[in-house]
Each structure stands twice: as C-alpha cells, then as structure tokens.
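Trainee: Pasting a predicted model and its sequence here:
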Amino acid sequence: MSTKLDFSVLLREDYPRLIIEGVSTMLQLTGYAWILAMAVGILLALLRMTRNRWAERAVALFVEYHQNVPMLVQIFLWYFGVPTLLPDSVQLWFNQRHSEFLFAIIAVGLCMSAYISESLRSGIRAIPGSQMEAARALGLSYLRASRLVILPQALRIALPTLVSHTVLLFKNTSLAMVIGVAELTYATREIESQSFHTIETYLLTTVIYLGISLLIMAGGAMLENRYRIKTR
Amino acid sequence: MITDIFHIVRDNWTLLLIGQYPNGPLGGLAITLILSVAGLALAFPVSVLLALGRVSPLPILRAPAIAIIYTVRGVPLVMFIFWVYFFVPLLIGTTISGFTTMLVTVVIYEAAYLAEVIRAGIEGLPKGQVEASRALGMSYLQTMFKIVLPQALYNMLPAMISQFVSTIKETSLGYVISVNELTFAANQINSTLLTKPFPVFVMLALIYFVLCSLLTQFARWLERRIARRRSGGPRSTVATVVPNSNTVAATTAA
C-alpha cells in the first residue's frame, strides 16, 4: 500500500459515476424518508393530543418500538420479513422494482417519524396552557388557536431537535447499504474493494457526509435565528 | 407466527444468548452487552475530558473538542467502523478482531455524544455555583472537579442511561463487520432456516425492544426521582420525559 495520497485514482474507471450516483441515491433516500418521517411524525403528534386513550397508547407503543429497536433491525424486518407476508404476485412486483430502495425509505422514514413526533410533542407541551385559554377567550376557535397561537411557538421550540433529527436521518441512510441500496457508503465500499486506495476513498466520502451534515446544521441555525421571537 | 417465534427461540436460545460458547467464541446477547458496557465505560473518561474542553475558556482546548464532536455528529457510524477497521491496524501494526474494532468505534462515537450530555449538565447548573466556589478561593479545576462535575454528572444520570440504550442499538452495526453479536446471531439463524425471515426478525426486534425499553423506563423513573430531590419536596412536579439521547446533544446544536 502506498503511503502517498493520490486522489486522481478516484477519477479512474467509472468511479466518478459511482460516487455521483451514490450521492444522488443518498440524497433521494434522505429526501423521501424525511418527507415520510415529517408527515407521519406530525400525524402522531396530533393523534397524541386528541386525549383519546387508545390513540395515545397506540402512538406511545409505536414510538417506543421505533426508538428502542436498532434501525438496522428495523431495516432487516422491512426488507426481509414484510415481503414474505405478501402474496407471491406482489412479491414479484416488488423484486422487479428495486424494492430495497422503497423499503429503505419506509424503514428509515418510519423510525425517524417516532423521534420527530416526540420533539413536536415536547414543543407543544412546552407552551403554557394559559396561551390556549387566552386565545380561546379572545374568540379563536380551537383549530385557529392551535394553528395561529400554539403551533408557531411549538415549532420554534422544537426546531433544534428537528434539525438534529434531520441530521440523524441523513446519517442513518448509510444503513441502507446492508440491503444493497447503492447509496454513498455502498459505492465507497465498491470503489475501495476495486481500487485498494482505502484512505482516499474513505476520506472523500467522510468529507461529503460531514459537509452535508454541517450544511443541515447551519441551515437549522439560520432558521432559528430568523424565526426567533424577539424578547425584550 | 407466535408459535414460529416460540420454536425459533426454543431451538436457538443458546446461540442468541451466548453464541457458540463454550465450544466456540462467545457471542449473541452477551457480546452485545459486553460491547455496550465496556464501550460506554471506556468512553466516559474521554467524554468528561471532551466536555471540559468544550466549555473551557481557552480556545486551544475548545477548538479541538468542538472539531471532534462535530465530526462524530456529522459522519455515519458505519463510516467510523470502516475507518477504525482500516486505520487502527495501520497504527499498531497488527490486525485487530471485529470485536476490538467495534469497541474502539463505540468508544470514539459515544465519547462525543456523551460529552454533549455532560456539557448540557454543566451548563444547566446555576452560575452561582461556580461564582461561589471561585469566591471561596477554589481554582478553576478544583471548581470543575469538586463542585460542577459531581452535580452535573448526577443530574445527567438519566441521560446517560439513554445513551447506554443508544450504545446497545449501535452495537447492532457490528453485523456489518461480522462481529458475533445479537443481530449477527439472528442473521445466522435466518440463513439456516431460510423460510422464516419475518418471525426471526420480529423476535430479534422484540429482544432489543424489551431490553431497551426497560432501560428507558428506568431512566424515566430516575429522572423523576432526581427532579423531586432537586426541588426538595417529595411531591413536586415531574420533569419532562427523557427524550432519546440525541436530543440532549441536539438542543445545544445551534
């Protein structure tokens, strides 16, 4: 193994294509999983606020499951386990259409939705009840009070955790590698095993991951500054 | 399906619990727990140093601590596993086992996350504590080690248990480099049975679920107890539920 770093290796063969496709798959996975996680997360937080005992329990169980089981195991369960419950024709349909990508989105998205619903919930709980009472006393309906008074404040409180969960989601898309989704980590291993230039390959990927993570964190910090409520 | 799970557990419980031991290497849940406990225990002193560096008034200590913490928080665990897998043998000159690789990775990773937990604990203490001890003539280090850290660490106990839960979950990634832990054992069972992936992975998920949610409940109980003690009365209001470990670090992110 050579001790001098030679990044030009990464331009040989079809390595650039592998890396670009890996980054693109990773970003798509992050994007779709994030949308799923936010949608389900908001739904769960709303369900938990309804004060229906069964709804609350179901949401609590969903959240506990997704927070206490490793995401890797959840991915295995979705990719290897769930399709066997479906009829053969559906299984075949899945196998012909990159089911690993689809199941990776579902597994990562649902797992993170639990975290997102929790941070939304703690944001909502941090708003004093008197806010709602005051809004209602001023003549706003329950829904309008939620939308105009409670949620804008709750979201601001939840924003830092939402951002860090987004980073976490982004990092965790690397786990899709284990079921053969050709995202960046997967591409990295391919290139490494073909080129034997381990340091160069890993360094590039690490820098890409770190760069995007820091970008998300910086974006979050910007949003926080922008929407901070001015205090005296 | 429940009978399937029952049969799988009945036929493979030793593999899941201790691997091939005593006829082969220790594995399964035992290795998962050993990795998590050892990983967190070794990460603890490192994380205290990192946290002290992070809150230090000296930029020369603060900058590297911040760099380490942000790097760990911004790069997936899998990448760290690959780095350790490749780099540590280069440094020490001999190859290392998958177990050691995973242990080193967990220590690095957890040290950074735990450091943020401890920092939150340090910054959560009232300023008067530091001011009072400095006024009494204690040095900065004395203040840190005799006044600030003992309180911060005690207050952060629940968050540290949450971090332990995270560590248990993280060790499942040892599967990627074929460490003989619980997830790996379940995959072995899956590939011998071939036709029962759903029950096998439901069982695996259940084992983690029981283990981790018991620990999470314990962390919540501890948090309520500590909140009560700190506020003095036996029946004061309950603090917020422990969110997962990462949120502690998260609130300090921006």
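Mentor: Sure, I can see it.

Trainee: for the worst-scoring helix or strand of chain A on mean pLDDT, which positions count as buried?
Mentor: Sorting the helices and strands of chain A by mean pLDDT, DSSP states H and E puts helix A:88-96 at the bottom, at a mean of 84. Buried residues in helix A:88-96, counted by 16 or more other C-beta atoms under 10 Å in any protein chain shown: A:Phe94. Glycine gets a C-beta too; all of them are placed from N, C-alpha and C.

Trainee: do stretch B:38-58 as well
Mentor: Buried residues in stretch B:38-58 (16+ other C-beta under 10 Å): B:39-40, B:42-44, B:46-48, B:50-55.

Trainee: Nearest residue to the residue most central in space within chain A in space, please, no chain neighbours.
Mentor: For chain A, A:Leu169 is the residue whose C-alpha lies nearest the centre (C-alpha atoms, centre = their mean; 3.1 Å). Of all residues not flanking A:Leu169 in the chain, A:Met112 sits nearest, at 4.5 Å (C-beta to C-beta, 6 or more residues apart in numbering or on different chains).

Trainee: any idea how far that neighbour lies from B:Trp13?
Mentor: The gap separating A:Met112 from B:Trp13 is 32 Å, by C-beta to C-beta, to the nearest Å.

Trainee: The two - which one has more neighbours?
Mentor: A:Met112 (25 against 12; other C-beta atoms under 10 Å in any protein chain shown).

Trainee: Check residue 12 and give its pLDDT.
Mentor: No chain specified, so I'll use chain A. pLDDT recorded at A:Arg12 is 80.

Trainee: hmm, I had chain B in mind actually
Mentor: pLDDT, B:Asn12: 89.

Trainee: Quickly find the element holding it.
Mentor: Secondary structure from DSSP states H and E places B:Asn12 in helix B:2-18.

Trainee: Does at least one residue of that helix sit close to chain A?
Mentor: No: in terms of C-beta under 8 Å from any C-beta of the partner chain, no part of helix B:2-18 sits within range of chain A; the closest distance is 11.3 Å.

Trainee: Give me the helices and strands touching that helix, please.
Mentor: Secondary-structure packing of helix B:2-18 (3 or more C-beta pairs under 8 Å, 6 or more residues apart in numbering or on different chains; DSSP states H and E): helix B:28-55, helix B:182-193, helix B:197-231.

Trainee: List the buried residues for that helix?
Mentor: B:4-5, B:8, B:12, B:15-16, B:18.

Trainee: Quick check: buried residues in the longest helix along chain A?
Mentor: When chain A is parsed with DSSP state H, its longest helix is helix A:15-49. For helix A:15-49, a neighbour-count test (16+ other C-beta under 10 Å) marks A:15, A:18-19, A:22-23, A:25-26, A:29-30, A:32-34, A:36-38, A:40-41, A:44-46, A:48-49 as buried.

Trainee: Please apply the same query to stretch A:53-61.
Mentor: By neighbour count on 16+ other C-beta under 10 Å, the buried set for stretch A:53-61 is A:Val59.

Trainee: State the pLDDT value of the closest residue to B:Leu50 other than its chain neighbours.
Mentor: Leaving aside its chain neighbours, B:Leu50 sits nearest to B:Ala115 (3.6 Å; criterion: C-beta to C-beta, 6+ apart). Note for B:Ala115: predicted pLDDT of 96.

Trainee: Could you look up the SS state of B:Ala115?
Mentor: What DSSP: H, G, I helix; E, B strand; the rest coil gives for B:Ala115 is helix.

Trainee: Please report the distance of the residue lying closest to B:Val179 once chain neighbours are set aside from A:Arg136.
Mentor: Counting by C-beta to C-beta, 6+ apart, the nearest residue to B:Val179 once its immediate chain neighbours are dropped is B:Gly98, at 4.1 Å. According to C-beta to C-beta, B:Gly98 stands 60 Å off from A:Arg136.

Trainee: got it, and A:Tyr186?
Mentor: Taking C-beta to C-beta, one finds A:Tyr186 at 53 Å from A:Arg136.

Trainee: now chain A, which segments are flagged as low pLDDT?
Mentor: Counting by pLDDT under 70, the ranges of chain A that qualify are A:1-3, A:231-232.

Trainee: same thing but 80
Mentor: Counting by pLDDT under 80, chain A shows low-confidence ranges at A:1-10, A:13, A:50-51, A:95, A:229-232.

Trainee: Repeat that for the stretch 51-200 of chain B.
Mentor: Checking the stretch 51-200 of chain B against pLDDT under 80 turns up nothing.

Trainee: returning to that earlier point: same for the strand or helix carrying the residue nearest to A:Leu169, what does it pack against?
Mentor: Element membership of A:Met112 [criterion: DSSP H and E] is helix A:99-125. Helices and strands touching helix A:99-125, by 3+ C-beta pairs under 8 Å, 6+ apart, are helix A:15-49, helix A:53-68, helix A:71-76, helix A:151-172, helix B:246-251.

Trainee: buried stuff in it?
Mentor: Across helix A:99-125, burial judged by 16+ other C-beta under 10 Å covers A:99-101, A:103-124.

Trainee: helix or strand right after it?
Mentor: Going down the chain from helix A:99-125, the next helix or strand is helix A:129-137, by DSSP H and E.
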